[in-house]
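S.K.: got a structure for you, letters missing:
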């Protein structure tokens with residue numbers, strides 16, 4: 001049965017602290033739905049001796065109903081990764097019963113001549129973890145994420161029909177079907193145009209001509225009106241929410257081919273309410289700009 005290493009604060013600058021940093025980054029880079037990610041797992045040896053071996057990052061998933069485990073060895077040291085380190089990892093995998101082909105070796109320093117070829121022969125994949133400045137420390141960038149809400153307000157309604165008498169707004173704005181039942185309203189027609197993109201996204205004033213859908217009728221004082229024209233004036237305004245903070249970015253590089261395998265960005269932010277151009281709204285469309 002596997003057990004997890006107890007969490008203790010490692011001495012600052014120690015090898016264990018550096019290893020913990022690398023393991024955390026690697027674990028986050030592989031954290032996707034349907035996959036279980038565990039750090040510092042002690043797995044029992046398959047020889048029944050009771051010995052355990054530590055797996056830095058253990059990935060567990062299911063393939064066709066069968067469990068699959070991938071073990072990741074993380075080395076955050078200045079020392080070059082030599083054949084001896086690869087052999088030690090091979091021995092660890094064999095000891096706990098994980099196929100060597102399911103082993104991944106991640107280092108922050110270069111691989112010695114022959115070590116990558118040795119790993120490739122047995123099926124272990126080798127990677128270098130780099131941030132964009134080629135330094136161990138997290139690369140920190142200023143980052144801004146904005147959420148812009150476009151808000152639509154109906155400012156004027158103009159309806160021309162053949163009914164001369166003044167009608168209540170409830171009869172002017174709402175429509176009935178062939179059976180006389182309520183089926184929709186003028187704001188519904190505007191909303192349909194809005195979500196279909198027929199109304200421009202630009203902030204400002206717009207004019208919109210509407211027509212009744214088939215089967216919709218305007219009933220005024222119990223009499224069906226002959227709709228001649230229906231025009232509305234609308235105002236599109238915007239509210240901007242800005243999230244500003246820092247972005248930490250890492251790259252996982254195939255050590256042999258120098259190809260980018262994974263990139264992980266993490267955004268830490270605080271919320272700021274930006275330019276409020278209008279707070280009076282009836283309808284809204286949401287855009288996310290990053």
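M.R.: Yep, it's here. Just so you know, these numbers come straight off a predicted model, no measurement behind them. Numbers count the residues shown, from 1 in each chain.
S.K.: Any regions of the stretch 51-200 of the chain where pLDDT drops low?
M.R.: Scanning the stretch 51-200 of the chain for pLDDT under 70 picks out 130-147.
S.K.: Residue 236 and residue 194 touch, don't they?
M.R.: No. With contact defined as Cβ atoms under 8 Å, residue 236 does not count as touching residue 194 (9.3 Å). In short, each C-beta sits where N, CA and C put it, glycine included.
S.K.: shared neighbours of the two, anything?
M.R.: With contacts defined as Cβ atoms under 8 Å, 6 or more residues apart in numbering, the residues shared by residue 236 and residue 194 are residue 152.
S.K.: ok, the two, which is more surrounded?
M.R.: Legend: neighbour count by other Cβ atoms under 10 Å for residue 236 and residue 194, higher for residue 236 (22 against 19).
S.K.: Just give the closest residue to residue 158, not the sequence neighbours.
M.R.: The shortest distance from residue 158 to any non-neighbouring residue, by Cβ to Cβ, 6 or more residues apart in numbering, is to residue 231 (4.5 Å).
S.K.: So what sits opposite that neighbour in the bridge?
M.R.: Bridge pairing for residue 231 (DSSP bridges) gives the partners residue 158, residue 209.
S.K.: Could you do residue 224 as well?
M.R.: With DSSP bridges as the rule, residue 224 is bridged to residue 219.
S.K.: Distance of it relative to residue 171?
M.R.: Per Cβ to Cβ, to the nearest Å, residue 224 is found 11 Å from residue 171.
S.K.: Run a quick neighbour tally on the nearest residue to residue 235 once chain neighbours are set aside.
M.R.: Of all residues not flanking residue 235 in the chain, residue 153 sits nearest, at 4.7 Å (Cβ to Cβ, 6+ apart). Neighbourhood size, residue 153 [other Cβ under 10 Å]: 14.
S.K.: And for residue 178?
M.R.: 10.
S.K.: Just the pLDDT for the closest residue to it other than its chain neighbours.
M.R.: Nearest residue to residue 178 in three dimensions, chain neighbours excluded: residue 215, at 5.7 Å (Cβ to Cβ, 6+ apart). pLDDT recorded at residue 215 is 94.
S.K.: can you check residue 277 too?
M.R.: Residue 277 is given a pLDDT of 35.
S.K.: for residue 235, same thing?
M.R.: The model's pLDDT for residue 235 equals 89.
S.K.: ok so, going back, how close does the residue nearest to residue 235 get to residue 169?
M.R.: Applying Cβ to Cβ, the value for residue 153 to residue 169 is 17 Å.
S.K.: and what of residue 175?
M.R.: Separation of residue 175 from residue 169 (Cβ to Cβ): 13 Å.
S.K.: quick one: which of these two has more around it?
M.R.: Remark: of residue 175 and residue 169, residue 175 carries more neighbours, 21 against 9, as counted by other Cβ under 10 Å.
S.K.: Which element, helix or strand, includes that one?
M.R.: In the assignment (DSSP states H and E), residue 175 maps to strand 174-176.
S.K.: Need the residues that contact that strand.
M.R.: Residues outside strand 174-176 that contact it (Cβ under 8 Å, 6+ apart): 182-186, 212, 216-219.
S.K.: For that strand, what is the distance to the chain centroid?
M.R.: Put simply, strand 174-176 sits 42 Å off its chain's centre (Cα atoms, centre = their mean, to the nearest Å).
S.K.: Many thanks, I have nothing further to ask.
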